[in-house]
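J.: Got a predicted structure plus its sequence, pasted below:
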Amino acid sequence: MSKILIIYTGGTVGMIYDDKTKALRPIGFNEIRNNLPELYRMGIDFYVYAFNPPIDSSDMQPEIWVELASIIEDRYDRYDGFVILHGSDTMAFTASALSFMLENLSKPVILTGSQLPIGKIRTDAKENIITAMEIACGKHNGSNIAMVPEVCIYFDFSLFRGNRSKKYNAEKFEAFYTMNYPILAEAGIDIKYKTQAILPTPAASLKVHKELETNITVLKLFPGITRRAVEATLNIPGLKGVILETFGSGNTTTQTWFTDCLKRVADNGALILDITQCDGGSVELGKYETSQHLKDLGVVSGHDLTFEAAVTKLMFVLGRGLTLEESKEMMETPLRGELTLSEVY
């Protein structure tokens, strides 16, 4: 019998309507269990680690990612897989962060949640939790090798690579997608795995990284952005990294003042990462004249990184204590299947 650890952090999945206050309130895992008797009919030996009190995912912090990674590290040899119940708003950030922190992961870590609380009659929580549990204990035929040895998100009949995922809809049950990568599995009558899209099982032992550099910032470009706005964003003491959310395939304004602002940041030793504002597609520095000046400044291409993966990977890489050039190289190297290298111009 497979052994699964459920880590309950909170989120909509763990809320119930309060008749007195007329509002949703968080509940403990025992109340979730009472609303999901199917758990006991699955033939899975499961245990629960519950955060007390539960955490709204809008309050998610890097310190909690470190706690989650530590929980998995401490219990890694005791379980076949892990299911993390999590609010959907920041689920893609947590999944991306854990993918980088858990090096040489050979067991499934599946994040799931719901759009409707588990106490609602039409809730999507039950199917999401039950199928996430099945995936977490899925093995290749006749072996102890996990079907999905990576950090994933399961939502609305689809399994996504965690660091490729983005929440794009706040109203539909179909809340997530991966624009630049295929789904890893689809749940219908059977769970159909797309084995060619799943990461191979690593030969080395699990290594957990817990140092994250949070002194980074994000500069999202828009037509008419002012020098004052850019300087206010970039003038942070000890700034270690900047994520530029640029137009199209990595383009920005070519005004001299803008280039000068970036040059000052680069000269102070900060790593500047260029990702596109588009959900689909990739940064291709130097493809157009409007990105050549970035390439000349030493700006790093984020290729097709999602925003969530860009933020968490930058925190992870900068926390490694590497030189700037080593950090740049690592940012442009696929570590956990998070990016696809595009053509270099």
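T.: Alright, I've got the coordinates.
J.: Leu314: what secondary structure?
T.: Under DSSP: H, G, I helix; E, B strand; the rest coil, the three-state class of Leu314 is helix.
J.: Report the contact partners of the nearest residue in space to it that is not next to it in sequence.
T.: Closest residue in space to Leu314, ignoring its immediate chain neighbours: Gly241 at 4.8 Å, by CB to CB, 6 or more residues apart in numbering. All C-beta spots, glycine's among them, are computed from the backbone N, C-alpha and C. Contacts for Gly241 (CB atoms under 8 Å, 6 or more residues apart in numbering) come out as Glu213, Asn215, Ile216, Thr217, Ala270, Leu271, Ile272, Leu273, Leu314, Met315, Leu318.
J.: Quick check: beta-bridge partners of the fourth one?
T.: With DSSP bridges applied, the residues forming beta bridges to Thr217 are Val242.
J.: Can you list the helices and strands that the longest helix anywhere in the chain packs against?
T.: Taking DSSP state H as the criterion, the chain has its longest helix at helix 62-75. Packing partners of helix 62-75 (3 or more CB pairs under 8 Å, 6 or more residues apart in numbering; DSSP states H and E): strand 3-8, helix 91-101, strand 207-208.
J.: So which of these is the most surrounded?
T.: Per residue and on average, the most neighbours among these fall to helix 91-101, with a mean of 27 (mean count of other CB atoms under 10 Å).
J.: Send over that helix as PDB, restricted to the C-alpha atoms.
T.: The C-alpha trace of helix 91-101 is given here as PDB (Å, rounded to 0.1, in the frame of the first residue of the first chain):
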ATOM      1  CA  MET A  91       0.100  28.000  -6.000                       C
ATOM      2  CA  ALA A  92       2.300  28.500  -9.100                       C
ATOM      3  CA  PHE A  93       4.800  30.500  -7.100                       C
ATOM      4  CA  THR A  94       5.100  27.800  -4.400                       C
ATOM      5  CA  ALA A  95       5.300  25.000  -7.000                       C
ATOM      6  CA  SER A  96       8.000  26.900  -8.900                       C
ATOM      7  CA  ALA A  97      10.000  27.600  -5.700                       C
ATOM      8  CA  LEU A  98       9.800  24.000  -4.500                       C
ATOM      9  CA  SER A  99      10.900  22.700  -7.900                       C
ATOM     10  CA  PHE A 100      14.200  24.600  -7.600                       C
ATOM     11  CA  MET A 101      14.700  23.900  -3.900                       C
END
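J.: and it with helix 62-75, angle?
T.: If you take axes from the mean of the first three to the mean of the last three CA atoms, to 10 degrees, helix 91-101 sits at 50 degrees to helix 62-75.
J.: Show the buried residues in the contacts of Gly241.
T.: Glu213, Ile216, Ala270, Leu271, Ile272, Leu273, Leu314, Met315, Leu318 (16 or more other CB atoms under 10 Å).
J.: so which strand or helix has Glu134?
T.: helix 125-136 (DSSP states H and E).
J.: so how far is that helix from its chain's centroid?
T.: 19 Å (CA atoms, centre = their mean, to the nearest Å).
J.: next structured bit after that helix?
T.: In N-to-C order, the element after helix 125-136 by DSSP H and E is strand 151-155.
J.: Given that next one, what are its sheet partners and their directions?
T.: In the sheet, strand 151-155 lines up with strand 109-112 (parallel), strand 158-161 (antiparallel) (DSSP bridges).
J.: what is the orientation angle of that strand with helix 125-136?
T.: 150 degrees.
J.: mean confidence score for stretch 75-83?
T.: For stretch 75-83, the mean pLDDT works out to 97.
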